[in-house]
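Participant: Have a look; sequence and predicted model below, questions after that.
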Amino acid sequence: LFDKADISDRDYSRNQFTRITQLCREAGKDINPDAADFLASSLGSDSGRLHCELEKLLCYIGDNPRITLADCKNICARTPEAMGWAFANALLARDLPRSLELIDTLMTQMRGERGGSNLELAILWQAIGSFQEVVKTKCALKELGISGRCGKNTFYNESLKQQYPDNFLTRLNPFRAYILSENAAKFPDQQLVDVLNYLLDTNRKLVSGGADSRLALEQLAVNITTGVSR
């Protein structure tokens with residue numbers, strides 16, 4: 001229960017996904033792939049915390065046989081990791097209203113906390129990490145010889161894993177790999193360059209402390225979700 005997963009493990013993402021699915025099955029429940037992905041991405045490597053959140057979810061769904069992404073969003077604590085996951089995914093989905101809503105929630109939470117807080121940096125770094133994954137995904141797809149959108153079963157192909165055992169995508173859970181490939185398809189190369197520069201500029205503003213956090217994050221959300229060119 002108290003073993004901490006090794007985030008440096010090359011198979012960390014796949015192992016966490018598998019572990020969450022197995023824990024749910026042991027409790028007599030199924031979990032949707034997107035819900036397992038949410039938990040694996042937003043709860044970190046702390047096993048105790050993962051068990052705590054799963055216990056709350058199991059109580060919440062009652063007699064329902066399956067945990068959904070909506071259940072996770074409704075019941076899991078609004079930690080910086082969970083908010084960062086939601087913000088990053090809103091940017092990847094080009095969902096401006098959702099992005100702005102999350103920024104507003106973040107600012108409300110910051111006002112309710114005493115002393116200094118780096119929540120704005122926490123969710124920004126989560127977004128940076130997500131778009132770094134987009135870069136890795138594009139490189140991995142090129143190595144695999146895959147262009148355009150992938151089918152949902154592409155990464156369940158065992159021969160692909162055997163042929164490219166060290167590829168970034170084949171080391172992930174197949175569902176996770178598919179989601180990342182879908183995200184990568186939304187951002188042409190030049191547009192991705194612009195996004196990374198916007199993220200870098202926003203990071204500089206927040207770290208320097210000379211910019212209004214809300215305005216900096218809102219401008220970032222507008223630029224990324226609407227595809228504004230630099």
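Facilitator: Now that the structure is in, tell me what you want to look at. Numbering: from 1, shown residues only.

Participant: Ala36 and Tyr178: what is the separation?
Facilitator: 13 Å (C-beta to C-beta, to the nearest Å). For glycine as for every other residue, the C-beta is placed from the backbone atoms N, C-alpha and C.

Participant: Of the two, give the one with the bigger neighbour count.
Facilitator: Taking neighbours as other C-beta atoms under 10 Å, Ala36 and Tyr178 compare with Ala36 leading, 25 against 21.

Participant: what about the more buried one, helix or strand, and which?
Facilitator: helix 33-42 (DSSP states H and E).

Participant: what mean pLDDT does whichever helix or strand Ser159 is part of have?
Facilitator: Remark: Ser159 resides in helix 158-163, with elements defined by DSSP H and E. Across helix 158-163, pLDDT averages out at 90.

Participant: Repeat that for stretch 219-230.
Facilitator: 88.

Participant: before we move on, what about stretch 85-94?
Facilitator: On average, stretch 85-94 scores 91.

Participant: Could you look up the SS state of Val195?
Facilitator: When classified by DSSP: H, G, I helix; E, B strand; the rest coil, Val195 comes out as helix.

Participant: how close does it get to Lys161?
Facilitator: 30 Å.

Participant: How about Arg176?
Facilitator: Taking C-beta to C-beta, one finds Arg176 at 14 Å from Lys161.

Participant: thinking again about what came up before, following element in sequence after the helix holding Ser159, please.
Facilitator: Taking DSSP H and E, what comes next after helix 158-163 is helix 174-185.
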